[in-house]
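Colleague: Fold the following and give me the result.
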Amino acid sequence: MSKTLQAYFTTENDAESAKTDLQTYSVNYLSVEHIPEDQKLNLDIPYPGQGTATPAGANNDLFFANQTPTGKQEENADPSEQGDREFRYLLAFKTDENDDTDLREIVSKHNGAMEK
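Modeller: Numbers count the residues shown, from 1 in each chain. Below is the predicted model:
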């Protein structure tokens, strides 16, 4: 059974790079689209140390680029660079893979975010 996933990026280069890497997996219908200015998408990025296990991140349902695959914040993450990020590009794709952990890691590697 296939499922559709969406990833959000701040730059077109990041979205296209992720798209290229995802093509090595069982995915299809990959498309990168610009999010129009009137449909701005701002997502709250948790500060280092505020994962989903902490009260401040308890309602966070996104997988963010500053997290490692284990869910821990990177030690050198700069809190001043966190906060709201304006996502301008959407990468949509379909996959038949039941475990999408590897796909999420690719998105994260390219500074993207995905809904959980």
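Colleague: now the strands for this structure?
Modeller: With DSSP state E as the criterion, the chain has strands at 3-9, 27-34, 41-45, 62-63, 83-87, 89-95, 113-115.
Colleague: now those strands in JSON lines, with mean neighbour count and distance to L103?
Modeller: (Each C-beta comes from the backbone N, C-alpha and C, glycine too.) JSON lines is the format used below for those (neighbours: other CB atoms under 10 Å; distance: least, CB to CB, whole Å):
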{"stretch": "strand 3-9", "mean neighbour count": "18", "distance to L103": "7"}
{"stretch": "strand 27-34", "mean neighbour count": "14", "distance to L103": "7"}
{"stretch": "strand 41-45", "mean neighbour count": "14", "distance to L103": "19"}
{"stretch": "strand 62-63", "mean neighbour count": "19", "distance to L103": "10"}
{"stretch": "strand 83-87", "mean neighbour count": "14", "distance to L103": "18"}
{"stretch": "strand 89-95", "mean neighbour count": "19", "distance to L103": "6"}
{"stretch": "strand 113-115", "mean neighbour count": "18", "distance to L103": "8"}
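Colleague: Let me have these in TSV, extended by mean pLDDT.
Modeller: Listed next are these as TSV, based on pLDDT from 0 to 100:
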stretch	mean pLDDT
strand 3-9	93
strand 27-34	94
strand 41-45	52
strand 62-63	50
strand 83-87	72
strand 89-95	95
strand 113-115	88
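Colleague: Tabulate the ones you listed (a markdown table), appending distance to D102.
Modeller: Converted to a markdown table, the strands of the chain look like this (distance: least, CB to CB, whole Å):
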| stretch | distance to D102 |
| --- | --- |
| strand 3-9 | 12 |
| strand 27-34 | 10 |
| strand 41-45 | 22 |
| strand 62-63 | 12 |
| strand 83-87 | 22 |
| strand 89-95 | 10 |
| strand 113-115 | 12 |
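Colleague: Quick one: closest of the ones you listed to E105.
Modeller: Smallest distance to E105 across the strands of the chain (CB to CB): 8.9 Å, for strand 62-63.
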